[in-house]
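Peer 1: Sequence first, predicted model second:
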Amino acid sequence: SVKVTFIIACGGSAEFRHESVRLLVWCVRCAHNTRSVGDCQVKLTEVAEAHPRRQISVAMALAPRLLRSVSLRGVSAVPAAWACHGHHVHPRNARHGVQCKAGLQGNVAAGVSAARYGSSRVATSGAALSATVSRHQGSRTTSNRTSSSDRRSSGAARTGKRLAKGPSLGDFIAGSAMSAGDVVTPEAVPPEPHPFLDPRDLHGNGRRVFFEAYGCQMNVADAEVAWSVLKGAGYERVDAADQADVVLLVTCAIRDNAEQKIWQRLNTLKRAKAERAKEDAQAPPLLVGVLGCMAERLKHKMLEADKSVDVVAGPDAYRSLPQMLATATDGNAQINVLLSADETYADIAPVRLGSGPAAFVSIQRGCDNMCAYCIVPFTRGRERSRPIQSIVREVRDLAESGVKDVTLLGQNVNSYRDTSQRVEEDVFVPTSDGFSTIYKPKKKSMGMFADLLRQVAEAVPDVRVRFTSPHPKDFPDELLHVIAAYPNVCNHVHMPAQSGNNFVLAQMRRGHTREAYLQLVDRIRSIIPDVALTSDFIVGFCGETEEHFEETLDLVRQVEYDAAFMFAYSLRPKTHAHRRYVDDVPQEDKLSRLKRLIDTFHAGAAVTSKRRIGSRQLVLAEKPSKRSDTELMGRTDNNIKLIFPCVPIPCLLTGETRTPVPGDFVEVVVTDATSLTLRGDAVALSSIQHFSAPDVVMRGQGGFQPG
């Protein structure tokens with residue numbers, strides 16, 4: 001089948017762009033269902049007249065030879081040569097044009113260039129299509145439309161004669177041996193090289209790439225997707241920047257401090273590029289790429305700041321990295337920061353950058369919450385989710401490779417909604433009691449986050465399953481019961497509060513009050529025994545007073561979090577706060593409040609941790625302790641760090657006695673605790689299923705009791 005993709009690059013309203021897409025879809029349908037230019041013209045006129053205020057002047061000619069070049073059987077869209085007679089398009093107004101790209105399963109590349117005065121012109125990419133779309137402001141009378149239609153038909157007829165002897169589809173497929181009447185199948189079409197590049201340049205040919213991931217876990221997952229793309233293109237990964245031909249920084253833009261780290265790193269890499277050029281002028285230059293959120297936010301500034309950046313790729317542009325790197329070798333800086341409405345990289349199997357027993361799986365991208373302080377919707381785009389089956393398949397593959405702990409990732413992970421599943425027309429996604437959203441209710445699908453979590457837990461019963469980062473509004477009881485029911489779904493819930501004051505929460509557009517949040521905390525603890533709660537807090541947000549901040553301190557004392565991520569507010573461009581509020585809290589007040597918040601948290605967390613002394617915890621050993629090679633560090637089901645001595649212990653599954661190694665599940669009795677770390681003595685090697693069996697000590701509010 002022929003796969004057709006439309007790329008709209010035009011100005012005007014969303015209404016106009018929508019009608020442009022409709023017009024192009026009509027063109028394809030007409031080409032598929034009829035060979036009559038007259039019939040097509042009638043249908044196109046209907047579409048154009050549907051919007052008299054934004055009328056689209058169009059004329060179309062179908063080249064008979066192109067229609068004969070492929071069989072209609074099994075083809076979803078027949079290639080056609082279009083010549084749309086419109087008004088002159090000046091280069092500076094080219095953005096008002098419409099571009100179309102058609103591909104045969106991604107192998108046949110075609111494009112559209114703006115045609116001047118109806119003349120056809122093959123695009124650089126080898127397109128068989130040429131079009132001009134022009135806008136006309138204001139309404140027109142029926143007689144004017146008729147006259148315009150006559151002129152368009154005349155222009156189409158003239159252009160049709162020129163195109164009738166034009167090239168066939170086979171001329172745009174490398175090495176094609178097609179003849180008229182052949183049925184096009186993907187297997188029959190050899191891969192076509194990129195139209196702008198030598199195929200040898202597209203291949204990495206062993207070029208060495210080094211990744212540096214900054215910020216959240218999503219950036220680590222993005223780096224693994226990017227590495228998967230480049231590995232498939234023939235690149236090799238190295239463990240140090242000084243060994244690399246390409247250095248890629250996967251960046252974070254959530255706070256100004258995170259961006260400053262990247263600018264400093266770019267200064268260092270700029271000097272490294274200059275030193276390499278001095279040492280060996282014949283050697284390939286060191287290429288530096290900036291990927292992720294900061295790349296999207298700063299766009300051209302990354303190239304104009306003289307930091308010697310060669311590639312700027314947004315979160316949805318990782319598939320194009322081989323082409324961008326190949327072109328950048330000639331000294332042409334490359335940028336692609338377009339956000340996608342549907343890109344999830346579901347068909348790309350990430351290649352892990354690490355080798356430990358824990359891994360990340362991205363299940364959802366983007367965010368629709370539009371919190372006043374947050375830049376994520378502007379750097380990551382709208383929410384979209386991967387299909388459940390692709391996620392389950394990836395988790396199974398990780399389990400088979402030895403992974404024992406999987407974290408499901410998303411900007412708003414528990415709003416996951418698999419739209420490839422059946423959608424309930426009259427049922428909408430519920431929110432937690434007392435919570436609201438600023439967007440319209442979404443229709444519930446048969447693949448919500450609770451469904452995904454259940455299927456993942458059942459697919460890998462011997463692997464721990466975690467998730468982050470959620471929003472408190474998306475914790476229905478069904479999800480809480482799934483967490484409680486499956487022993488391999490960890491008893492850890494991240495509950496970002498951001499503030500404990502109702503005025504500040506409203507300013508932040510969080511969609512809940514302090515009272516609703518505390519009610520949800522009580523609900524979670526009533527359903528999930530021994531659950532660990534963690535949170536995020538921002539101090540010094542616009543309009544926050546000392547009295548408001550005191551309520552945040554009180555919330556921290558009342559909930560008794562096991563961990564918290566706390567930051568001073570940093571105003572981010574494009575956000576609601578940047579447009580509507582004043583960043584009126586002095587920096588010294590922000591830092592003072594942050595210190596008090598951190599101190600308050602640690603005081604409460606120390607008390608919470610000491611309650612676990614004497615309990616028995618199941619720990620996944622991850623790596624040697626930083627302070628001693630004779631100790632191992634791991635994490636409990638509650639995601640709390642626990643350190644224990646590495647000594648021979650019995651295995652409850654096999655009866656043997658051996659020393660634990662990273663990747664083992666170890667039962668440990670807690671002997672000491674600080675606010676963030678537990679210490680204990682290893683008792684036995686075990687497993688999730690054995691530890692959760694009925695005859696083993698059960699979970700309680702104060703943690704496991706020693707057996």
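Peer 2: Received, thanks.

Peer 1: how deep is Ile649 tucked in, by neighbour count?
Peer 2: 22 (other CB atoms under 10 Å). Heads up, the C-betas are built off the backbone N, CA and C, glycines and all.

Peer 1: any idea how far the residue lying closest to it once chain neighbours are set aside is from Pro357?
Peer 2: The shortest distance from Ile649 to any non-neighbouring residue, by CB to CB, 6 or more residues apart in numbering, is to Ala682 (5.0 Å). For Ala682, the distance to Pro357 equals 16 Å [CB to CB, to the nearest Å].

Peer 1: one step back: packing partners for whichever helix or strand the residue nearest to Ile649 is part of?
Peer 2: Using DSSP states H and E, Ala682 maps to strand 677-686. Counting contacts by 3 or more CB pairs under 8 Å, 6 or more residues apart in numbering; DSSP states H and E, strand 677-686 packs against strand 616-624, strand 641-645, strand 649-650, strand 665-673.

Peer 1: Mind listing what's buried along that strand?
Peer 2: By 16 or more other CB atoms under 10 Å, the buried positions in strand 677-686 come out as Leu678, Arg679, Gly680, Ala682, Val683, Ala684, Leu685, Ser686.

Peer 1: ditto for stretch 497-508
Peer 2: Ala497, Gln498, Ser499, Gly500, Asn501, Asn502, Val504, Leu505, Gln507, Met508.

Peer 1: cool, stretch 441-454 as well?
Peer 2: For stretch 441-454, using 16+ other CB under 10 Å, the buried residues are Lys444, Ser445, Gly447, Met448, Phe449, Ala450, Asp451, Leu452, Leu453, Arg454.

Peer 1: Helix, strand, or coil at Arg466?
Peer 2: Here Arg466 is recorded as strand under DSSP: H, G, I helix; E, B strand; the rest coil.

Peer 1: Chain neighbours aside, what residue packs nearest to it?
Peer 2: Arg466 sits nearest to Thr407 (CB to CB, 6+ apart), 4.4 Å away.

Peer 1: gap between the one you found and Ile262?
Peer 2: For Thr407 relative to Ile262 (CB to CB), the value is 24 Å.

Peer 1: before we move on, what about Ser535?
Peer 2: Following CB to CB, the distance that separates Ser535 from Ile262 is 27 Å.

Peer 1: C-alpha coordinates for whatever helix or strand Ile262 lives in, PDB please?
Peer 2: Assigned by DSSP H and E, Ile262 belongs to helix 256-279. C-alpha atoms of helix 256-279 as PDB (Å, rounded to 0.1, in the frame of the first residue of the first chain):
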ATOM      1  CA  ASP A 256      17.100  27.900  35.000                       C
ATOM      2  CA  ASN A 257      19.800  26.200  37.100                       C
ATOM      3  CA  ALA A 258      19.500  23.100  34.900                       C
ATOM      4  CA  GLU A 259      20.000  25.200  31.700                       C
ATOM      5  CA  GLN A 260      23.000  27.000  33.200                       C
ATOM      6  CA  LYS A 261      24.700  23.600  33.700                       C
ATOM      7  CA  ILE A 262      24.300  22.900  29.900                       C
ATOM      8  CA  TRP A 263      25.700  26.300  28.900                       C
ATOM      9  CA  GLN A 264      28.800  25.600  31.000                       C
ATOM     10  CA  ARG A 265      29.200  22.100  29.500                       C
ATOM     11  CA  LEU A 266      28.900  23.600  26.000                       C
ATOM     12  CA  ASN A 267      31.800  26.000  26.800                       C
ATOM     13  CA  THR A 268      33.900  23.000  27.800                       C
ATOM     14  CA  LEU A 269      33.000  21.100  24.600                       C
ATOM     15  CA  LYS A 270      33.700  24.100  22.500                       C
ATOM     16  CA  ARG A 271      37.300  24.200  23.800                       C
ATOM     17  CA  ALA A 272      37.500  20.400  23.200                       C
ATOM     18  CA  LYS A 273      36.500  20.900  19.600                       C
ATOM     19  CA  ALA A 274      39.100  23.600  19.100                       C
ATOM     20  CA  GLU A 275      41.900  21.400  20.700                       C
ATOM     21  CA  ARG A 276      41.000  18.400  18.500                       C
ATOM     22  CA  ALA A 277      41.100  20.600  15.400                       C
ATOM     23  CA  LYS A 278      44.600  21.800  16.400                       C
ATOM     24  CA  GLU A 279      45.900  18.400  17.100                       C
END
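
Peer 1: So which bits of that helix are buried?
Peer 2: By neighbour count on 16+ other CB under 10 Å, the buried set for helix 256-279 is Ala258, Glu259, Ile262, Arg265, Leu266, Leu269, Lys270, Ala272, Lys273, Arg276.
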